[in-house]
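Undergrad: Okay, sequence plus prediction incoming.
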Amino acid sequence: MSTRVPITEARARLSALLARAEAGERIIITRHGKPVACLGPVSKPEPVQFGDLAGLFIADDLTLPESVIDDFYRSRLPR
């Protein structure tokens, strides 16, 4: 379900509109009758469960090339 609300009304009732969006309602903000923005609930991230990353390939060698390390230290020197 979605509701259309003019921007002037949205400014005056933002807290109430946010509460409705948090409860699951989709609210379309309009300017001169044309939709310009949408308020709605944010989906909650699902927690990572043990085993979710099973089978993910991670390289055995995570070392950086010497040139990258040298560039890092050179960039940290005062100029």
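TA: Done, it's in. Residues are numbered from 1 along each chain as shown.
Undergrad: Please make it C-alpha for all contacts and neighbour counts, starting now.
TA: Will do.
Undergrad: neighbours of the closest residue to Ala21 other than its chain neighbours, just the number please.
TA: What sits nearest to Ala21 in space, not counting adjacent residues and going by C-alpha to C-alpha, 6 or more residues apart in numbering, is Gly40, at 4.6 Å. Counted with other C-alpha atoms under 10 Å, the neighbours of Gly40 add up to 18.
Undergrad: ok, now which ones touch Gly40?
TA: 18, 21-22, 24-27 (C-alpha atoms under 8 Å, 6 or more residues apart in numbering).
Undergrad: again, but for Leu18
TA: 39-40.
Undergrad: Tell me which helix or strand comes right after the helix or strand containing it.
TA: Secondary structure from DSSP states H and E places Leu18 in helix 14-22. Once helix 14-22 ends, the next helix or strand along the chain (criterion: DSSP H and E) is strand 26-31.
Undergrad: buried stuff in the helix holding Leu18?
TA: 17-18, 20-21 (16 or more other C-alpha atoms under 10 Å).
Undergrad: which residues pair with the residue nearest to Leu39 when sequence neighbours are not counted across the strands?
TA: With C-alpha to C-alpha, 6+ apart as the criterion, Leu39 has its nearest non-adjacent residue at 5.0 Å, and that residue is Ile27. Counting by DSSP bridges, Ile27 is bridged to Thr3, Leu39.
Undergrad: confidence score at the residue nearest to Ala21?
TA: The model reports Gly40 with a pLDDT of 94.
Undergrad: just curious, which of the buried residues of helix 14-22 is nearest to Glu9?
TA: Nearest to Glu9 among the buried residues of helix 14-22: Leu17, at 9.7 Å, using C-alpha to C-alpha.
Undergrad: Hmm, Ile27 is touching Glu9, no?
TA: No. Ile27 is beyond contact range of Glu9, at 11.9 Å (criterion: C-alpha atoms under 8 Å).
Undergrad: what's near enough to touch Phe72?
TA: No contacts exist for Phe72 under C-alpha under 8 Å, 6+ apart.
Undergrad: Quickly find the element holding it.
TA: Counting by DSSP H and E, Phe72 is part of helix 66-75.
Undergrad: swap in Arg11?
TA: In the assignment (DSSP H and E), Arg11 maps to helix 7-12.
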